[in-house]
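Q: would you be able to build a 3D model of this:
(one chain, ligands or ions: 1)
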Amino acid sequence: MVVGVLALQGSFNEHIAVLRRLGVKGVEVRKPEQLQSVRALIIPGGESTTMAKLAEYHNLFPALREFVKMGNPVWGTCAGLIFLADKAVGQKAGGQELIGGLNCTVHRNFFGSQIQSFETELSVPEIVAKEGGPPSFRGVFIRAPGILEVGPEVQVLAEVLLPSDRPAKRSAASENLEEEAVAEKKVIVAVKQGTLLATAFHPELTADTRWHSYFLKMLDEDSQEASSSMALSSGNLSLSDPPKYELPIIHY
Ligand SMILES: NC(=O)CC[C@H](N)C(=O)O
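A: Residues are numbered from 1 along each chain as shown. The predicted model follows:
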């Protein structure tokens, strides 16, 4: 099984490294024709406006939309989530092209600017149900988007609690969302809609591989062939090995 990782910009190497740890080959995708040889695609985090410009330059949008429409599993992390959303707000002047397909509205910089990046423990019941492990996942949010609205077919996988007095932004002085106030409001930060998965945070920057193995199981769901080739894959860590739950390997 080969999983493509859109490699225009952003954290594509980190995703490929996690796939390697799980015994799966991740290949860099930069041209439309390269999508024909992959079964699934990860769209990494980075800067969505820049990524959109590069995707336009390489004429990737029609092929990416077709890839989604064909029902291939696609996972967008952070900027990748913005790419997959049907609607984005908070875009730069002139907007930016999106792939779409994920029935949601996303705010591009919901949590504020780069210096307002943060880490927090997320409750991830669906991941725990499928992958086991601890009840929470360390979410690394870097200039992260938030999902404002989802359609009825969208399954919410994780939310972040927001302070009641200031739902959309953190103060520059605080270190952690949870410290600010009693949390009352929530914003959605991970969703699944059929073959589409999207996270506002960066699992590829942590040592906890559960989101990646969860995504790989989405490939199994629609193909027995994929699961048998995965069993034969030659990596040094198979999906049945117990994952390691360490703290993030990169701190912001
Ligand atoms: N870490 C990220 O991918 C940040 C995404 C960023 N908010 C954007 O608009 O592209």
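Q: show me which residues of the protein sit near the ligand.
A: Contact residues, the chain versus the ligand (Cβ under 6 Å from any ligand atom): 45-48, 78-79, 82, 108-109, 142-143, 145. In this view, the C-beta of every residue, glycine as well, is placed from N, C-alpha and C.
Q: could I get the average pLDDT for the top helix by length along the chain?
A: Longest helix in the chain by number of residues, with DSSP state H as the criterion: helix 210-221. Taken as a whole, helix 210-221 carries a mean pLDDT of 95.
Q: what sits up against it?
A: 1, 3, 15, 18-19, 22, 24, 39-40, 42, 73, 75, 124, 126-127, 130-131, 133, 137, 195, 197, 199, 203-204, 226-227, 230, 239, 243 (Cβ atoms under 8 Å, 6 or more residues apart in numbering).
Q: can I get the buried part of these as one PyMOL selection?
A: Buried members of those can be picked out in PyMOL with the line below, counting by 16 or more other Cβ atoms under 10 Å:
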select buried, resi 1+3+15+18+19+22+24+39+40+42+73+75+124+127+131+133+137+195+197+199+203+204+226+230+239+243
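Q: out of the contacts of helix 210-221, which are inside strands?
A: 3, 40, 42, 75, 137, 197, 199 (DSSP state E).
Q: quick one: contacts for the first one?
A: So the one you mean is Val3. 19, 24-27, 38-42, 216, 219.
Q: can you tell me how far it is from Ala190?
A: Distance from Val3 to Ala190, counting by Cβ to Cβ, to the nearest Å: 19 Å.
Q: with the third one instead?
A: Note on Ile42: its distance to Ala190, by Cβ to Cβ, is 14 Å.
Q: output the contacting helices and strands for the longest strand along the chain.
A: Among the segments of the chain that qualify as a strand by DSSP E, the longest is strand 183-193. Applying 3 or more Cβ pairs under 8 Å, 6 or more residues apart in numbering; DSSP states H and E, we find strand 183-193 packed against strand 102-107, strand 146-150, strand 155-163, strand 196-199.
Q: so what touches it?
A: 101-104, 110, 122, 124, 126, 139, 141, 144, 146-148, 150-151, 153-164, 167, 177, 197-201.
Q: who does Lys185 form a beta bridge with?
A: Leu162 (DSSP bridges).
Q: okay, now the unreliable bits of this protein?
A: For the chain, applying pLDDT under 70 flags the ranges 164-184, 222-252.
Q: center of it - which residue?
A: Thr77 (2.3 Å; Cα atoms, centre = their mean).
Q: and for Arg21, the neighbour number?
A: Other residues near Arg21 number 17, with proximity taken as other Cβ atoms under 10 Å.
Q: wait, it touches Glu204, no?
A: No - using Cβ atoms under 8 Å, Arg21 is not in contact with Glu204; the gap is 10.6 Å.
Q: pretty sure Thr50 sits in a strand.
A: No - going by DSSP: H, G, I helix; E, B strand; the rest coil, the assignment for Thr50 is helix, not a strand.
Q: check which helix or strand covers the nearest residue to it once chain neighbours are set aside.
A: Distance criterion Cβ to Cβ, 6 or more residues apart in numbering; nearest residue to Thr50, sequence neighbours excluded, is Gln9 at 5.5 Å. In the assignment (DSSP states H and E), Gln9 maps to no helix and no strand.
Q: which parts of stretch 87-104 are buried?
A: 88, 91, 96-104.
Q: so Lys25 sits against Ala17, correct?
A: No - in this structure Lys25 lies outside contact range of Ala17 using Cβ under 8 Å: 11.9 Å.
Q: mind telling me which residue of the stretch 151-252 of the chain is nearest the ligand?
A: Relative to the ligand, the nearest point of the stretch 151-252 of the chain is His202 (6.6 Å; Cβ to the nearest ligand atom).
Q: wait, doesn't that residue sit right on Gly80?
A: No - here His202 does not reach Gly80: they are 10.0 Å apart, not a contact under Cβ under 8 Å.
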